[in-house]
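Visitor: Kindly generate the corresponding structure for this input.
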Amino acid sequence: MTQTSVHRLAMLPFGMLNAFLLVRQGRAMLVDTGLPGAQPRIERALRAQGLGWSDLALIVLTHAHIDHAGSAAQLQRHTKAPLILHRDELAYAQGAKPLLKPSGPFGWLFHKTGAIERPFEPVTPDRLMTAETLDLAEYGFSAHLVHTPGHTPGSLSVVLDGGRVIAGDLLASGILLGGIALRGRPKSPPFEEDSAAVAASLHRLLAMGCETFYLGHGGPLPAVAVRRHIDRLQR
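Guide: Purely as a prediction, here's the structure:
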């Protein structure tokens with residue numbers, strides 16, 4: 001079986017903000033859309049893999065903060081690829097202000113900038129995920145979507161073959177927003193709605209055999225680092 005390849009899309013320098021293009025047998029899946037105005041960057045990433053917009057089979061939003069869903073509505077108009085979002089994230093996708101609970105000093109400072117609360121174009125998904133898992137075989141991928149709440153109520157992770165997972169903002173690595181330096185060191189992202197739910201979601205992914213965690217900020221991280229992070233969350 002052909003393994004899905006994972007390509008990081010640097011939406012900000014130094015790994016501070018990542019989206020991901022997953023490619024398998026001439027078909028692509030986009031996981032997160034970055035900040036508003038990211039369409040040209042995504043198009044370049046497709047071209048780098050010898051693909052175009054017509055090869056984009058699916059768009060998945062791990063959650064609906066502006067840095068992950070800011071270009072979703074624009075891409076939805078531009079492509080024929082269906083967009084999937086969990087039902088518990090729909091309010092954020094359609095303009096509700098996110099519940100921002102800073103996880104530390106940087107989160108408090110970042111909150112004061114108002115950057116994460118800037119409005120972005122609302123988006124209505126083509127498919128609203130209501131189950132705890134969703135098999136993506138119908139879209140041509142050996143992968144599953146898994147509801148992994150904690151960072152936000154409707155956060156999703158994309159579990160791939162080979163023990164790999166795109167885990168969104170369940171955790172981060174590096175410094176400040178994430179990335180930049182010390183990228184092998186796990187941490188919470190600047191905001192985290194429910195730390196206990198994050199720990200439970202990470203446990204679930206580890207129990208599913210996930211060994212490499214690709215992140216929205218920093219990463220990737222091995223399973224051993226994720227276990228250390230869970231231990232810190234549960235202290």
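
Visitor: C-alpha from now on. contacts and neighbour counts both.
Guide: Noted.

Visitor: And stretch 196-214, how far out from the chain middle?
Guide: 14 Å (C-alpha atoms, centre = their mean, to the nearest Å).

Visitor: Now do the buried residues in it.
Guide: For stretch 196-214, the neighbour count (16 or more other C-alpha atoms under 10 Å) marks 197-203, 205-206, 210-214 as buried.

Visitor: Wait, residue 183 touches residue 218, no?
Guide: Yes - taking contacts as C-alpha atoms under 8 Å, residue 183 lies within contact range of residue 218: 5.7 Å.

Visitor: hang on, the earlier thing: mind putting the buried residues of stretch 196-214 into a markdown table with pLDDT, secondary structure and distance to residue 68?
Guide: As requested, the buried residues of stretch 196-214 are exported to a markdown table (pLDDT from 0 to 100; DSSP: H, G, I helix; E, B strand; the rest coil; distance: C-alpha to C-alpha, whole Å):
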| residue | pLDDT | secondary structure | distance to residue 68 |
| --- | --- | --- | --- |
| 197 | 98 | helix | 20 |
| 198 | 98 | helix | 18 |
| 199 | 98 | helix | 21 |
| 200 | 98 | helix | 22 |
| 201 | 98 | helix | 19 |
| 202 | 98 | helix | 20 |
| 203 | 98 | helix | 23 |
| 205 | 98 | helix | 21 |
| 206 | 98 | helix | 24 |
| 210 | 98 | coil | 22 |
| 211 | 98 | coil | 23 |
| 212 | 98 | strand | 20 |
| 213 | 98 | strand | 17 |
| 214 | 98 | strand | 14 |
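
Visitor: So between residue 183 and residue 218, which is more surrounded?
Guide: residue 218 (30 against 21; other C-alpha atoms under 10 Å).

Visitor: which element is that one on?
Guide: Counting by DSSP states H and E, there is no helix or strand that carries residue 218.

Visitor: Just give the closest residue to it, not the sequence neighbours.
Guide: Spatially, and ignoring its direct neighbours in sequence, residue 218 is nearest to residue 179 (3.8 Å; C-alpha to C-alpha, 6 or more residues apart in numbering).

Visitor: can you tell me which residues contact that neighbour?
Guide: 14-17, 172-173, 217-219 (C-alpha atoms under 8 Å, 6 or more residues apart in numbering).

Visitor: now with 6 Å?
Guide: Applying C-alpha atoms under 6 Å, 6 or more residues apart in numbering, one finds that residue 179 lies in contact with 14-16, 217-218.

Visitor: so which pair among the residues you listed is furthest apart in space?
Guide: 14 and 217 (9.4 Å; C-alpha to C-alpha).

Visitor: of these two, who's got more company?
Guide: residue 217 (31 against 16).

Visitor: unless I'm mixing things up, the more buried one is touching residue 19, no?
Guide: No - using C-alpha atoms under 6 Å, residue 217 is not in contact with residue 19, being 9.2 Å away.

Visitor: what residues are up against the one residue sitting closest to the centre of the chain?
Guide: Centroid-nearest residue in the chain: residue 168, 2.9 Å away (criterion: C-alpha atoms, centre = their mean). Going by C-alpha under 6 Å, 6+ apart, residue 168 touches 62, 215-216.

Visitor: Just give me the closest of those residues to residue 95.
Guide: For the contacts of residue 168, the nearest to residue 95 is residue 62 (16.3 Å; C-alpha to C-alpha).

Visitor: What's opposite the nearest residue to the closest one once chain neighbours are set aside in the beta bridge?
Guide: Counting by C-alpha to C-alpha, 6+ apart, residue 62 lies nearest to residue 156, which is 4.5 Å off, once chain neighbours are set aside. Using DSSP bridges, the bridge partners assigned to residue 156 are residue 147.

Visitor: Cool, thanks, signing off.
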